[in-house]
Each structure stands twice: as C-alpha cells, then as structure tokens.
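In: sequence first, predicted model second:
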Amino acid sequence: MNAADAPAPLLRVKDLTVEFRTMDGIVRAVDAVSFDIWPNETVGLVGESGCGKTVTGLSLLRLIPSPPGQIINGSIELEGLDLLSLDAGDMEKRRGSEIAMIFQEPMTSLNPVFTIGSQITEVLRRHRQLSQRQARELAASLLAKVSIPDAGRRLDDYPHQLSGGMRQRVMIAMALSCNPKLLVADEPTTALDVTTQAQVLDQMRELQNEFRMAVLLVTHDLGVVAETCQRALVMYCGSIVEAGKTEQLFSSPRHPYTAGLLASIPRIRAERIAELPVIPGRVPDPGNLPAGCRFAGRCSHVQSRCHQERPTLRSVNGNAVACHYPLGADI
Amino acid sequence: MNEFSSVAGARAVNRRNSIWRKVLRKFLADRTGVAGLAAVLVYFVAALGVWCGWWGTDWADLGGSKWEAVSAAHWFGTNIIGQDIFSRAIYATSTAFEVGVVVAVLATIIGGVLGAFAGFFAGSWIDELLLWAMNVLDAIPFYLFVAAVAYSLAGSPYAMHVAMITSFWIGTGRLVRGEVIKLRNMEYIEAAYAIGLSRFMIIFRHILPNTSHILLVQASIAFVSAIKAEVILSFLGIGIRDGMSWGLMIEESTKEVLAGFYNNFIAASLLMFGLVMAFNALSDALQDAMDPRKVA
Amino acid sequence: MNAEPLVQVRGLSKYFPIHGGLFRRVVAGLKAVDDVSFVIHAGRTLGLVGESGCGKSTLGRMLLRLQEPTAGQVLFAGEDLTRLDRRQMLAYRQRIQAVFQDPYGSLSPRRTVGQTVREPLDVHRVGTPGDRQQRVDELLAFVGLSAQAAHRYPHEFSGGQRQRIGIARALALNPQFLVADEPVSALDVSVQSQVLNLIVRLQRERGIALLFISHDLAVVQHVSDDIGVMYLGRLVEIAPAGQILTAPRHPYTEALISAVPQIGRRMHSRIVLGGEVPSARTPPSGCAFHPRCPRVMAVCRSVRPVLKKNGDEGSGSVACHLYP
C-alpha cells in the first residue's frame, strides 16, 4: 500500500527540529526533517551513528530526554492530530496504544526484577480495561503470536532466563499488545545474530500484516532496509538527504552519500575484490557543521556552490534528493 | 608511585585537551564548589603561614589577662590563662591540615594499591587475605582502636595518624577493588597482556590511573573525616598533645562556657565547621565533575 | 603451499567447568571450543565466522594465550605455545599480536595515543627511546593518522580512528601473526570499509598471517583466503572463501549465508532456521546442528560427524553426514 491508494498519511512529520544542550554549546541533532508514513507501510530510516535517526524516532513518541534535549520546531501529526500539542497526560495515553516503540537492547528495556508476564500485563491493563486474568490470557496469546514456545509457562520467566532473540520478541509482543497504528523500531535486530535476525524480521513482517500497522524501522543496516522496507529515508548530519522507494533508491541512488554508502558495504561476492570503495574523511562534528551542504567535505562530486548553499530536498526522477548535482540526473 | 601520584591531577593539566581539562571546565561551572575551593585555599594559606613561621607563633604565650574581650590586640579575645585565642585557632588550623593531608594521602595510596591488588586478583588467595584484613579492621570500633594504638605506641604524636590511616584505607580499598574487578575485563587490559606486560606493570600503568576519579574523591572524604576525627580525639585527650587543636580549644572551653565566656568555643567550632563545609562542597563538586559517565 | 604453515592449531579445546552439588564440585564441562584444528600459512588470512557463543572469540584468546586451553596444541613456527611458561611466552608475544573489537574499550583512556602505541616497544625494549618515537610516528602515518595524534587522548578520536590506533599498536613489533577479533563490527559502514581496506593492505604489504574473527560473513569474505564456520564450539566447515560462499556444503553454512541481509534480494528467498542456538551446557546429541537442520537425517541425531576433507568437489573440509 502506498501514497496512491491511501487517502491521507498516517503520520506526517513536518520540519521536525531537535536541539540538545551540551557542554560544547547547542547541538542541532535533527534539522527540519519532514516525511510521511502511510498506513501499513514499512519505512526505513537509515544513517550512521550520530546522524539523528534515533533522535527522530524518539521524537515521534516525545521520548527525548529533556533537558538536555528539546523539540524546538515542527509538527508530528498522527492521523491529523499534532502530538506536540498534547499535554503530557494525553501523550502518555497514546504512547503504547497508538504509537509504540521497541529498542535495540531488549535486556535493558525489560526490568530484570519482574517476570515478563507481569510486565506485559502491566502494559495491557494500563491501556485497556482488563481483569488480571484476562490480561494474563491475552499476554500468553501475544507471546504465542511472536512464536515463543510454551507461552503460558514463559510468562513466569524473568528476562535473564530468555535468549536475546526471545527477549526481543517479548518486546515486540509488548509493543503490539495495544494494537498500535505505528511501531517505531530502533535497531531492533542489531544486537541479534544473523540467523536470529532473520527470524525476528520475518516475524515482524507477518505481524505487521496481521495487525495492519505501519513500521518505522530505524537502522544502520542498509541490507535490512533493502529486504524489509518499501520506502527508505537516508539521513546525514541531522537531515534527510535522500528518500524514495527502496528498490529504486538502492539501485540508482542520486545522492553521492547514499551511493558511497551502498558501495562501501562489503557484500557476499564470488570473487574477492582488492579494495572496497570508501567515503573519505568522516562525519563533521555536530557542533561545527559546514555552512553549505554537510556532505561537501567528503563528496567526490563537490563543486563550489555546495560549500555555500545548503541544498533542500527536491524530486529527481522519482527520488527526493537534497543535492545540487544529483547523480545520473538529466539536468 | 610516580605513575600513581601523577594521576592526582598535576601532570595532565598542562597537556592540552586532556580529560582533566574537561573536568576542570565542569568544576569551574559549579559555583558552590568554587566557593568551597576558595574557602579551603584561605584555610590553607593560614596553615601555610604557621608552617613558615609567619604567624601563630605566639599561640602558647601568656600575652594577656584572663578572658579579655575582642580587641585589636586580641582579635578573638583571650582564654582562661590569657593566651590569644586567634593565634591558637590559627595554629590549630595548621594542625588540622597536617593531619588531614597526611591521613588522606597515605590512606588513599594504601587503599588504592591494596584495593587494586585485591580486585585484580579477585577470587585468589591475595584477594581473600586482603578482604579478611579489611573485615577484621572494620570490626574494631574506631575510638577504641585509636586508644589502643595510642597506648601501644606509648604516646607517640603519630599514634592518631597511624590509627586513622589503618581505618580509612578500607573504604577506598573496597571501592577500588570493585572498580578494578570491572576494569580488569576491559579490552585494553587484554591488549596489555597481549603486548607482554607483566601483571604488576598492568596494575600500575593501566589499572590504577583509571581509578583516579575514585582516588581523588576518596582522598577528599578521608581529609574531612580525618579533620573531624582529630578534633574529637583531641577533645577526648587521645589526639594532639604537644600542640594546639580545635579539639583542645573546645575541651578548654568546657570550663569557660559555664562561666559565660564563649570566645574559645565559638572560634574553634566555627573554624572547624567552615573548613568541613567548604571541603564537603569542594568534594561534592569534584565528584560531579569527575564522574566518568558524565565526563567521557 | 608445501612450506610448513606458520600457525597450526591441533585439537584445541576449552572446557569451562560447571560447578554443582553440595560441595560445588565440577559436575560437567561447558565445551566452549571443542577439538578445533586448522592451519594458517604466512601471508594468508583465515576468516572465522559463527554466531555469538560459538566459541570463536575463546579460540582467538587461546591463540594469544589470554586463556589457557584445556587440550590441544598451538604450533607457531614449529613451537608449541601452550607449553611455554610466562617468560618464554614473552618472546613470542612480539611475533603474535592482537586487534580487539571495542574501539572504546581497547585503549586505556588515561594514556595518550603515543604512549599506547609506544608501549609494546617499551616493554620489549626495542631500539633507543629516539628510535621508538620515530617508529610511533611511522606507525601512525601508516594507519592514516597525523603525528600530532600521539599527544592526544583516545576520547578525542572517533571509533574508526581508535581502531586505527589499535592496529598501529598491534603492528609496533612487526608481528608475523595477527589475531583480529571483530575488529570492525562496532564501526559505522563508511568507516568500516576504510578500516577493512587498511587491514587488507597491511596484511598484503607485510605478509602477515591473519586470523580474522567476525560474525559478519560479508566482512569476513572481503579479507579472507579461507573461511572456517563454527557452530557450538566446533568447526563445521572450512574451505577457500570463494568456494564456501558460492557452494556451501554444510547446511548451517548455507543458512548463515542466506540469512545475511543483502541489497538487491528480497526476503522470501532466504532459509530461515527454526529454533535457537542450543546452550553449550547441554549440547544436542549427535550433530549439534541437527535440531535446526532443514536436511536432518536419522544418523545425525546419534552420530557426531567428523571434519572430513572434501573429495573431488573442491578443497576444504566439512563435518556433515550428507557428505560421507
């Protein structure tokens, strides 16, 4: 499902800007980010560490630690309602029930001194009118849904008794417990082994179809995005530099950063190659960003205009690109 | 020892951009801490003057008559036998500083080294032995212990120091042991093994410097505890004998307050209170500034 | 390839005792590494892959003698390292070096980069202090850092730069054999490729034998001549890199390759294994992989397959009953 057959986006983020106060001054972690997510769609938000992808994900649930963080501009509309205009109590009600989140490290997201059963039922009873017994039954059925064998008995286990993959599934079960419309998954499989990652991603895809929810998958792993997401947003230094349909984005990237990133990933090939292509240099210091295009210092196609003028997102052959001189564009 | 003392701060300060510079910047942003530091420095100058013989030399002189009021000649008045209370209070400041510094430095070094050994060899007989020693020493009531040490050292002026160091290193030792148990599993320790460093060198080059935040904070706590203990011990008559201490002044004043003369008591208590408060403020600020989770 | 291999690992095992019962006696052994053998020639790279808990890191630590093996030998240039005492081992430490995983944990935060890189030279008293300083500058230049970096502290560097510092330290003594345990897994993609290229370059230019341990097959294949796959403490397959990736023989290798997310391939083409990696405390009978194996046979449940050389179908070895 995509833009063509849905009347309105589920989530509309506009000009989201988040700043952090640090010892070195104010750092703008997210700078005027705008994107839409349509119902039942999976969108990948990719970038390297420090690019602002996690902060963007947290902002959607208003989970930015404040202080030092603050959303200073923009709007986050979920089905037309601006989440940033809600008071704290209203937001709490929606968090978990309409918009849920899962994190990278399932061990630290679960409280080690409570059984997983009590943690899931707590979430259920906070958002729904359920008796203890009903909640427990529902919790067991949720665990069964995420393919945890012997779910009824597992409810009485403590987090440390489960493997990493199982813990992440428990987190998913908790996130799904109130039928959220949007699930923000921040690096959900990064801490897992590849074969477990494959299982969890498969699981998420099935559940997404069953629960008819949209997923924002925040990750550094382009391979995961390529295999699971319909659309992808590429972030660099706090801004989206390229967005588009995953296949098109990855087969013909327009932004030199996306292209460089794709080329530098080691892939399974029949023949060894002598040298991996690299993006030279490193990400600029967030407290001291260049004036023009933030990728200019590392870009192999850089021209003088890039150093002066910051490009904004515009449509080029189907992708949205923030680049003055996009690759392979006929202009 | 050189590696060890350098971590206490001096070395790295002149290196640009060091971790210490960040600590300093954070510390300077803490106003209470800076005020504490300033007050402690004033006390330190007072003590320094006594050591150098600039002032306070007349603390034992009978320069006035009994219980003189505050005047230009006797800033805090005089005591029951006509000694200048101001001189005595200043002299007592140097005593407090001397005890505080000696005890803090030695207790921290001993606690740091033994704690590091216990942590590094956690689970082995070395650790068992050190833990046993810590538990035994912990089990003896402090003032009883000081009395026993004072008795066994036959009135040595350092009996109090020995007793305090023997008790105060334990807390540091336990904290350092815990930290080292964590540190010894760090990859840079593995890397040091892989390079071929001996265990002894690993402890002194790689482990102790990384406990410096604990050592500095513990030293500041030991300093305050030592000063307070010195005052109490001197008051009880098992501390300072051949010198002057706030504790002795308070002891003297017990006779005076009954007669309605408070100068001695107020001078000693306020000075002690001021130093302890200032140093606590300083050590709190240090603790915040050096917390590795916030610094790195 | 008729010269004697630089590194020969023979039947290397590490059992961790499991205590139990009234007097905390040793009731069983957790087989973290179980009877692993392989060779690495000078100038060649063996990549070792497997999922967490498969024993690959323990294996690497045993080669560095950071952990004592329970059984087996590590022959380095003909000398059995496991028999050496601490003092004798010191001489070999110069020739065997390590690059570690965590760019934040592998450098002492209170020592300057120069001190860190110089430390191996100091320990082994190589050259005069002046020589050492010059060597530090050379090493930093080789890994792509400026000489000024020597005066700064690790926290001022990014993950990738720290990993370069770790590599410079490992190269300080001109080792003949390098063990790299997950050296790029903590790095971002664009930095990862820079460091991988550096590792490939130093290995080629200096003819170092390299053991490259990683969970990431794509990374391993980029640097390796041969690849070994471990599962629950055992080597299940070992073969030249090209062969193992295009024609994997062990079903686990096959599943591992297919599980790696790839750009330009949709998800449904993958083999998704059922279940989870069993605990090494209670390994399954027979072939340890049999409960998850899509091609399991009756014999797999009772008889443990041994690592056998492949016959006509290429070089390498596999431990699987499918290939009798």
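Out: The structure has been received and is ready for your questions. The structure displayed is predicted, hence computed values, not measured ones. Numbering: from 1, shown residues only, chains lettered A, B, ... in the order given.
In: strands of the chain, residue ranges please.
Out: I'll assume chain A. With strands called from DSSP state E, chain A shows them at A:11-22, A:25-37, A:42-46, A:69-78, A:81-82, A:99-102, A:182-186, A:214-219, A:231-236, A:239-245, A:314-316, A:319-321.
In: to clarify, I was referring to chain C.
Out: Using DSSP E, strands in chain C cover C:7-20, C:25-40, C:45-49, C:71-76, C:79-80, C:96-99, C:177-181, C:209-214, C:226-231, C:234-240, C:308-309, C:317-318.
In: count of residues packed around C:Ala255?
Out: Around C:Ala255 there are 21 other residues, counting by other Cβ atoms under 10 Å in any protein chain shown. In short, each C-beta sits where N, CA and C put it, glycine included.
In: and for C:Lys309?
Out: 9.
In: ok, it touching C:Tyr323?
Out: No - between C:Lys309 and C:Tyr323 there is no contact under Cβ atoms under 8 Å: 10.0 Å.
In: pretty sure A:Gly152 is touching A:Ala140, no?
Out: Yes - counting by Cβ under 8 Å, A:Gly152 does reach A:Ala140; the two are 4.7 Å apart.
In: of the two, which one has the most company?
Out: Set A:Gly152 next to A:Ala140 and count neighbours by other Cβ under 10 Å: A:Ala140 wins out with 21 against 14.
In: relative to A:Arg153, how far out is that one?
Out: Distance from A:Ala140 to A:Arg153, counting by Cβ to Cβ, to the nearest Å: 9 Å.
In: ok, now B:Asp84?
Out: Relative to A:Arg153, and taking Cβ to Cβ, B:Asp84 is found at 82 Å.
In: the two: which has the busier surroundings?
Out: B:Asp84 (25 against 12).
In: show me what contacts the more buried one?
Out: B:Asp58, B:Trp59, B:Asp61, B:Gly63, B:Gly64, B:His74, B:Trp75, B:Phe76, B:Thr78 (Cβ atoms under 8 Å, 6 or more residues apart in numbering or on different chains).
In: enumerate every residue touching the residue lying closest to it once chain neighbours are set aside.
Out: In this structure, B:Asp84 finds its nearest non-sequential neighbour in B:His74, 5.1 Å apart by Cβ to Cβ, 6 or more residues apart in numbering or on different chains. By Cβ under 8 Å, 6+ apart, B:His74 lies in contact with B:Gly63, B:Gly64, B:Glu68, B:Asp84, B:Ile85, B:Phe86.
In: just checking, B:Glu68 is part of a strand?
Out: No - applying DSSP: H, G, I helix; E, B strand; the rest coil, one finds B:Glu68 to be coil, outside a strand.
In: wait, it touches B:Gly77, no?
Out: Yes - at 5.2 Å, B:Glu68 counts as touching B:Gly77 under the criterion of Cβ under 8 Å.
In: tell me how far C:Gly127 lies from C:Gln134.
Out: Look at C:Gly127 and C:Gln134: by Cβ to Cβ, they are 8 Å apart.
In: for B:Ile189, same thing?
Out: Taken as Cβ to Cβ, the span from B:Ile189 to C:Gln134 is 28 Å.
In: name the helix or strand for the closest residue to B:Ile85 other than its chain neighbours, please.
Out: Of all residues not flanking B:Ile85 in the chain, B:Phe76 sits nearest, at 3.9 Å (Cβ to Cβ, 6+ apart). In the assignment (DSSP states H and E), B:Phe76 maps to no helix and no strand.
In: contact partners for B:Phe76?
Out: Contacts of B:Phe76 (Cβ under 8 Å, 6+ apart): B:Val70, B:Asp84, B:Ile85, B:Phe86, B:Ala89, B:Asn263, B:Ala267.
In: got the angle for the top helix by length along chain C vs strand A:42-46?
Out: Taking DSSP state H as the criterion, chain C has its longest helix at helix C:189-206. On the basis of axes from the mean of the first three to the mean of the last three Cα atoms, to 10 degrees, helix C:189-206 is oriented at 50 degrees to strand A:42-46.
In: need the residues that contact helix C:189-206.
Out: By Cβ under 8 Å, 6+ apart, helix C:189-206 touches A:48, A:220, A:222, A:260-261, A:264-266, A:274-279, A:282, C:43, C:45, C:99, C:142-144, C:158-160, C:163-164, C:167, C:171, C:174, C:178, C:180, C:183-184, C:187, C:208, C:210, C:212, C:219, C:222-223.
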